[in-house]
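>>> I would like to see how this sequence folds:
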Amino acid sequence: MKSEKKRKHGPSSIATHPAKASRSPSRLASSLSRPTLDLGAAERLLDAWLAPLARTTRANYLQGLRRLTSFLGGEAAPKAEASPGEGALALLLMTRHDATGALERWAVAMVEEGLSPPSVQTHIRAALSFASYADAARGVGPGPLSPRMRANKERKIRPAPTLAEVARAVLRCREAGGPRGARDEAALQLALGLALRRSELQGLAWADVDWSTGIVRVTRKGAKRQALQAPEQALSALRSWRDHCGGEEAEGHVFRLIRGDNVQPDPVGGTYLYNLCRDLGLGGAHRLRRTAARWISQHGGEGMQPASVDHVRQALGHSDLRTTVEYLDSGEDEAGPSRSRLMLRLEEVMAEAARMKGKR
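As a prediction, the model looks like this:
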């Protein structure tokens, strides 16, 4: 038999002529699971699936299916005018094996285009969710899919700042003085000492701090409340900042906007900690959590021994142990973490940095 030449069909020809899918490139289905499906049926399914979704989610999912249409049609770059219904139909006409492989290749292609991992995840989630809905509602399509997310393997995790780098950043805040310096030092000390996310830092209120016990109640992801023992160094920096916010009578949010030298009642924005860390040369705010996690893992146990991954997970507020493992370089042991020793070590590094600066 003569081998047929591979033809590239645009999205329109794929959607309106399902029989041609078996002759399309390897990205497309090699066989049809439901030959009676047409573009109109796929679009009606799509409308019913999107109807209960929030407007922002609906827009993101439609964008993902437009990208899928362009990808399955062999386009080098996504087209804004691509029909999401055509991508949905092409997905429904695939076997489970072909659909899984196509989504895996699509994820890699999006990473190579330069899309961020969250964007890749959102677009893949749109295809997975629609395939599951079509299977449950009408019994059509490849059914629930579980592609291996190769996009995750492509993501480069940037290195966490060292304690020496954090120490230099804290010293710069301390030397700046005034309310801004006090606020920024307290933010860095708390973010490191309690391994806080930037949203958790932004949401802190003075009522969440128990000065008699040193307990700080943090609202984690999913509105979960967690009581954390704050290191004395972080509490000391927080007291200095409180003096600029009305002293012991301070109320409202802990971290507030500053205009000139005047502290405002409005809370800082969601990017405050990120911008602070970037300006101080620490990279993104989330890297401070990696610094805390790795130090606790390596030295947070009894006698400065390694701590167990599960204890680090509890300290970071993770619900999934696999997320914690991504943060760490070391293995497991049977000890518990200590934030206090981390902050003591930071103080030692800061003192050394100050001595070195004085010799110059």
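
>>> in the protein, what spans have low per-residue confidence?
1-36, 75-81, 141-158, 298-307, 322, 326-350, 352-353, 356-360 (pLDDT under 70).

>>> Name the residue closest to the centre of it, please.
residue 118 (6.9 Å; C-alpha atoms, centre = their mean).

>>> Let me see the backbone angles for that one.
phi -60, psi -40 (degrees, to the nearest 10).

>>> how about the strands in this protein?
Assigned by DSSP state E, the chain shows strands spanning 209-210, 215-219, 225-229, 256-259, 262-267.

>>> Parallel or antiparallel, list what pairs with the last one.
Strand 262-267 sits in its sheet next to strand 256-259 (antiparallel), going by DSSP bridges.

>>> Kindly report the same for the third one.
Note on strand 225-229: by DSSP bridges, its sheet partners are strand 215-219 (antiparallel).

>>> And the partner strand, what's buried?
Along strand 215-219, these residues count as buried under the neighbour rule (16 or more other C-beta atoms under 10 Å): 216, 218, 219. (Glycine included, C-beta is placed from N, CA and C.)

>>> The first one contacts residue 230, correct?
Yes - contact between residue 216 and residue 230 holds when scored by C-beta atoms under 8 Å: they sit 4.8 Å apart.

>>> overlap in contacts of those two?
Common contact partners of residue 216 and residue 230 (C-beta atoms under 8 Å, 6 or more residues apart in numbering): 190, 194, 209.

>>> burial count for residue 182?
24 (other C-beta atoms under 10 Å).

>>> returning to that earlier point: out of the shared contacts of residue 216 and residue 230, which is most surrounded?
For those, neighbours were counted using other C-beta under 10 Å, and residue 190 has the most, 30 neighbours in all.

>>> Next up, the contacts around that residue.
Residue 190 neighbours (C-beta under 8 Å, 6+ apart): 196, 201, 204, 216, 230, 234, 237, 238.

>>> one more time with 7 Å, if that's ok
Contact analysis of residue 190 by C-beta atoms under 7 Å, 6 or more residues apart in numbering lists 196, 201, 234, 238.

>>> cool, and residue 197?
Applying C-beta under 7 Å, 6+ apart, we find residue 197 in contact with residue 289.

>>> hang on, the earlier thing: want to try CSV for the strands of the chain, with distance to residue 285 as columns?
What follows is these, written out as CSV (distance: least, C-beta to C-beta, whole Å):
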stretch, distance to residue 285
strand 209-210, 20
strand 215-219, 15
strand 225-229, 17
strand 256-259, 17
strand 262-267, 16
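
>>> Compare the ones you listed and give me the one nearest residue 321.
strand 225-229 (16.6 Å; C-beta to C-beta).

>>> Dump the closest one to CSV, restricted to CA.
The C-alpha trace of strand 225-229 is given here as CSV (Å, rounded to 0.1, in the frame of the first residue of the first chain):
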residue,chain,number,x,y,z
ARG,A,225,-7.0,29.1,61.2
GLN,A,226,-3.7,28.1,62.7
ALA,A,227,-2.1,29.2,65.9
LEU,A,228,1.7,29.6,65.6
GLN,A,229,4.3,30.4,68.2
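
>>> Give me the buried stretch members for it, please.
Buried, per 16+ other C-beta under 10 Å, within strand 225-229: residue 228.

>>> In stretch 275-282, which residues are buried?
Here stretch 275-282 shows 276, 277, 280, 282 as buried, counting by 16+ other C-beta under 10 Å.

>>> count of residues packed around the spatially closest residue to residue 180 that is not a sequence neighbour?
Nearest non-adjacent residue to residue 180, counting by C-beta to C-beta, 6 or more residues apart in numbering: residue 258, 5.2 Å away. Using other C-beta under 10 Å, residue 258 is surrounded by 17 other residues.

>>> between the contacts of residue 190, which is nearest residue 171?
Distances from residue 171 to the contacts of residue 190, taken by C-beta to C-beta, are shortest for residue 234, at 15.5 Å.

>>> Next up, the contacts around residue 166.
188, 192, 282, 291, 346.

>>> could you dump those residues to TSV with distance to residue 126?
Shown next, in TSV, are the contacts of residue 166 (distance: C-beta to C-beta, whole Å):
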residue	distance to residue 126
188	38
192	37
282	34
291	35
346	43
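
>>> what's across from the residue nearest to residue 180 in the sheet?
Counting by DSSP bridges, residue 258 is bridged to residue 263.

>>> Could you report the separation of it from residue 177?
13 Å (C-beta to C-beta, to the nearest Å).

>>> With residue 193 instead?
Counting by C-beta to C-beta, the gap from residue 193 to residue 177 is 22 Å.

>>> Looking at those two, which is more packed in?
residue 193 (26 against 10).

>>> Thanks a lot, see you next time.
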